[in-house]
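A.B. asks: return a 3D structure for these sequence lines:
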Amino acid sequence: MKKKLKIIIPLIIAIVLLVPIKECYRDGGTIKYNAVLWSVTKHHSIAFDSEGRYGYNTGITVRILCFDVYSDYPKFILPPQQKGV
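C.D. replies: You can find the predicted model right below:
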C-alpha cells in the first residue's frame, strides 16, 4: 500500500502543475493555455493602426515560472481586403 501511495502522490502533483486549462477571450480570438508552472498565449485581437485602419495584433507568448521565455507579440496584420489601400 505504501508503494502505491508513493507513486500516486507525485503523479497527482505533476498533473495539477502541468495540465493546462484553456481560456478563450472575446477580443478577436485570443486563446490562453494556462497551467500552474507554464502558460502559452496565442494572441489574435482586433486593433487599429496610426492611420485609422483596422487589423489584427497577432503573436505568441510563452511563459515558464512567470518569466517570458518567448514573445513575438504584437504583429499588426491588415485584413486581405485592406492591404492595397
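
A.B. asks: please name the bridge partners of the most centrally placed residue in the chain.
C.D. replies: Among the residues of the chain, the one closest to the centroid is residue 41, at 1.0 Å (C-alpha atoms, centre = their mean). On the basis of DSSP bridges, residue 41 takes part in beta bridges with residue 32, residue 61.

A.B. asks: who touches it in this structure?
C.D. replies: By C-beta atoms under 8 Å, 6 or more residues apart in numbering, the contact set of residue 41 is 30, 31, 32, 33, 60, 61, 63, 73. (Each C-beta comes from the backbone N, C-alpha and C, glycine too.)

A.B. asks: how far is the worst-scoring helix or strand of the chain on mean pLDDT from where the chain is centred?
C.D. replies: Lowest by mean pLDDT, DSSP states H and E among the helices and strands of the chain is strand 75-77, with a mean of 89. With C-alpha atoms, centre = their mean, to the nearest Å as the basis, strand 75-77 stands 17 Å off its chain's centre.

A.B. asks: list of residues touching that strand?
C.D. replies: The contact list for strand 75-77 (C-beta under 8 Å, 6+ apart) reads 47, 49, 55, 56, 57, 58, 59.

A.B. asks: cool, and stretch 53-65?
C.D. replies: Outside stretch 53-65, the residues within contact range by C-beta under 8 Å, 6+ apart are 28, 37-49, 68-79, 82, 85.
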